[in-house]
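Chemist: Here's a sequence, model it:
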Amino acid sequence: MAITVHIFYTGKNGSARRFAEEMVSSGTVARIRAEAGNLRYEYFFPMDDPETVLLIDSWAGQEALDVHHASPMMGQIAALRDKYDLHMKVERYRSDDVGLPARDAGFIRQ
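Modeler: From the prediction side, this is the model:
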């Protein structure tokens, strides 16, 4: 069962976006994407909130996420969050592995 976490990083004066840019430029994002069990690690920028960055972070299961959280990389990420004085809101989702119900398919344009 896949686990997806939405992390909303919020700062001031563009700090959240600079955090995401440093995560990418430092190679941290590439290393996370290469970890066993990582399914997705992408940043998005809400159109109506220039001080927030959304991270969509998805893992094959809790075990893969636990290994990631226990890695030294988490200390590097925490240090960058501190550097940019970011605050976080977190939403967590578990996949039901059922897929898209047929009754919803009519709303999706392929």
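
Chemist: CA atoms for contacts and neighbours, from now on please.
Modeler: Fine.

Chemist: which parts of stretch 9-24 are buried?
Modeler: Across stretch 9-24, burial judged by 16 or more other CA atoms under 10 Å covers 9-11, 15-17, 19-20, 23.

Chemist: Narrow the residues you listed to those in strands?
Modeler: Among these, the ones falling in strands (DSSP state E) are 9-10.

Chemist: Rebuild the buried residues of stretch 9-24 as TSV, extending it with distance to residue 81 and pLDDT.
Modeler: Shown next, in TSV, are those (distance: CA to CA, whole Å; pLDDT from 0 to 100):
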residue	distance to residue 81	pLDDT
9	9	98
10	10	98
11	10	98
15	9	98
16	9	98
17	11	97
19	7	98
20	10	98
23	10	98
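
Chemist: Looking at the buried residues of stretch 9-24, which one is closest to residue 60?
Modeler: If you rank the buried residues of stretch 9-24 by distance to residue 60 using CA to CA, residue 23 comes first, at 21.8 Å.

Chemist: Distance across stretch 9-19, terminal residue to terminal residue?
Modeler: With CA to CA, to the nearest Å as the measure, stretch 9-19 spans 9 Å from end to end.

Chemist: And for that stretch, what's in contact with it?
Modeler: Residues from elsewhere that reach stretch 9-19 (CA atoms under 8 Å, 6 or more residues apart in numbering): 45, 50-55, 80-81, 84-89.

Chemist: again, but for stretch 58-65
Modeler: For stretch 58-65, the external contacting residues (CA under 8 Å, 6+ apart) are 1-5, 36-41.

Chemist: Can you say which of those residues are buried?
Modeler: Buried members of these, counted by 16+ other CA under 10 Å: 2-5, 37-41.

Chemist: if we can go back for a sec, so of the contacts of stretch 9-19, which ones are in strands?
Modeler: Mapping the contacts of stretch 9-19 onto strands (DSSP E) picks out 52-55, 87-89.
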